[in-house]
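K.L.:
Fold the stuff below for me.
(2 chains)
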Amino acid sequence: MSEIDEQDQEPTFPVVKSQPYPVQPDDPAPVEADDVEDLVGKEVAQP
Amino acid sequence: MSPQCETYLVPPGFQLKAGGPTGGFDCTAWAASRVIAKSTCGSRVPTGRRIRLLSDEPVPDRDSPGLNVPQVSEVAYDHFRVYIEQRVGWRALTWDQYEAELRAGRPAVIQVDYGAIADSPYDAGRGFRGGHAIYEDWNDTIDSLADGRAPGVYNRAKAGVRRYPRDVMREAAGRLIIGFSPEGNARRAGEGKVWAGLGRDVMPTFRVDIRPRGRRPLIRFRVFDIEKGRIVGFDHARVSRLEAPSTPPRAFVWPEEDGEMRFLVRIGGTGRLAGKWVHSHWAEEQAA
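P.N.:
Have a look, this model is predicted:
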């Protein structure tokens, strides 16, 4: 009997990413909103 | 487990209207951003775009531009100290477990096949039927596509807070495509299964306990090398017994081996193996 015990197996699994939404011609043009917390920060910074 | 921010209603966020140039790819990021909002009772409300930019894939991969649950979970913890438990792969939930977790106050990123939702009154996909991610808690469902941008597109802001019918969500979760057979047939999560990320208000405590079986004096096990969030190799370690605190399980991809993911935990404490990564099956969550 080996003096070393090997019992180190664990299942693998696939990478499952979301799939892209196919943008339609009349979908709104994308804008990049500020984070709410960024907006809050700006308000605090303004006298 | 204490309920999280029970009375705080998460504001909806819409990936196409506010998501910038990657909006069409960022449903998982937007769902995770709502989990962060819920978990912090609204003190942190990042956009999904910000989650994307903070991820290990700020520029979407050309062939697979979406994100997965482990990716957004890493962002939530590293940048917002919100723990999103990775219940994917062999750690995926049953539907009953998922519902029980929501009932206990935990917010979720649930991975779905959009077909079941597209066939319901809640369709916001304009023909989209692919893999998608949605925010849910016990009171609410927020689909980041549901912005009412065109006739027939479900308008979440107009409809207000409501959970989607559970049979619709259950079917959508079970139909999630997780791969393809060599013949090209879709492999799905399976009826009654849920791949999800679950927000949690406290970081759970795990411990590893590595010991040989029977009368063998030593056990040999893999110690993995991680670089830039990926497995790059491994070595073997031998111990007669190792007990130590550890991180919760985290999923890592091993690009050079098989491209699959594995759950690992990082050993804590002060021993010679402190800081090393090992398979997650050595670790168990400790009762709070």
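
K.L.:
contacts, neighbours, all on C-alpha from now
P.N.:
Noted.

K.L.:
Flag the shaky bits of chain A, pLDDT-wise.
P.N.:
A:1, A:33-47 (pLDDT under 70).

K.L.:
Tell me where it has strands.
P.N.:
Ranges of strands within chain A are A:4-6, based on DSSP state E.

K.L.:
Contact residues of it facing chain B?
P.N.:
Within chain A, the positions adjacent to chain B are A:2-23, A:27-37 by C-alpha under 8 Å from any C-alpha of the partner chain.

K.L.:
Are any of the residues you listed buried, and if so which?
P.N.:
Listed as buried from the residues of chain A next to chain B are A:4-5, A:12-13, A:15-21, A:30, A:32-33, A:35; burial here means 16 or more other C-alpha atoms under 10 Å in any protein chain shown.

K.L.:
Quick check: the two most widely separated of the residues you listed?
P.N.:
Spatial extent of those (C-alpha to C-alpha) is set by the pair A:4 and A:30 at 59.0 Å.

K.L.:
gap between the residue sitting furthest away from the middle of chain B and chain A?
P.N.:
Most distant from the centre of chain B: residue B:215, at 39.7 Å, with distances by C-alpha atoms, centre = their mean. Distance of residue B:215 to chain A, computed by C-alpha to the nearest C-alpha, to the nearest Å: 9 Å.

K.L.:
Now that residue: which helix or strand?
P.N.:
For residue B:215, there is no enclosing helix or strand under DSSP states H and E.

K.L.:
same deal with the one 5 residues further on?
P.N.:
Under DSSP H and E, the secondary-structure element containing residue B:220 is strand B:218-227.

K.L.:
Name the residues of that strand that are buried.
P.N.:
For strand B:218-227, the neighbour count (16+ other C-alpha under 10 Å) marks B:218-224, B:226 as buried.

K.L.:
what's downstream of it, the next helix or strand?
P.N.:
Moving toward the C-terminus from strand B:218-227, the next helix or strand (DSSP H and E) is strand B:230-239.

K.L.:
Report the backbone C-alpha coordinates of the helix or strand just after that next one in CSV.
P.N.:
Using DSSP H and E, the helix or strand that follows strand B:230-239 in sequence is strand B:242-246. C-alpha atoms of strand B:242-246 as CSV (Å, rounded to 0.1, in the frame of the first residue of the first chain):
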residue,chain,number,x,y,z
LEU,B,242,-3.9,20.4,7.7
GLU,B,243,-6.6,22.4,9.4
ALA,B,244,-6.9,26.1,8.7
PRO,B,245,-9.3,28.8,7.8
SER,B,246,-9.9,29.5,4.1
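
K.L.:
Go ahead and confirm residue B:276 touches residue B:222.
P.N.:
No. Counting by C-alpha atoms under 8 Å, residue B:222 is not a contact partner of residue B:276; they are 9.8 Å apart.

K.L.:
how far off strand B:242-246 does whichever strand or helix holds residue B:265 point, in degrees?
P.N.:
Taking DSSP H and E as the definition, residue B:265 sits inside strand B:261-266. Using axes from the mean of the first three to the mean of the last three C-alpha atoms, to 10 degrees, the direction of strand B:261-266 lies 100 degrees away from that of strand B:242-246.

K.L.:
Enumerate every residue touching residue B:35.
P.N.:
Shown in contact with residue B:35 (C-alpha atoms under 8 Å, 6 or more residues apart in numbering or on different chains): B:107-109, B:135, B:199.

K.L.:
again, only using 6 Å
P.N.:
Residue B:35 sits next to residue B:107 when contact means C-alpha atoms under 6 Å, 6 or more residues apart in numbering or on different chains.

K.L.:
mind checking the SS state of it?
P.N.:
Under DSSP: H, G, I helix; E, B strand; the rest coil, residue B:35 falls in the helix class.

K.L.:
Now do the same for it: its pLDDT.
P.N.:
We have a pLDDT of 97 for residue B:35.

K.L.:
And it, how far from residue B:117?
P.N.:
Going from residue B:35 to residue B:117 by C-alpha to C-alpha, to the nearest Å gives 21 Å.

K.L.:
Residue B:74 too?
P.N.:
From residue B:74 over to residue B:117 the distance is 28 Å, taken as C-alpha to C-alpha.

K.L.:
more neighbours, the two?
P.N.:
Taking other C-alpha atoms under 10 Å in any protein chain shown, residue B:74 and residue B:117 do not tie; residue B:74 has more neighbours (24 against 21).

K.L.:
so where does the more buried one fall, helix or strand?
P.N.:
Taking DSSP H and E as the definition, residue B:74 sits inside helix B:69-80.

K.L.:
Run the angle between that helix and strand B:261-266 for me.
P.N.:
Using the same axes, to 10 degrees, the inter-axis angle of helix B:69-80 relative to strand B:261-266 is 30 degrees.

K.L.:
Quick one: name the residues of chain B near chain A.
P.N.:
B:16-20, B:24-25, B:45-47, B:66-68, B:89, B:130-132, B:178, B:212, B:216, B:218-221, B:260-262 (C-alpha under 6 Å from any C-alpha of the partner chain).
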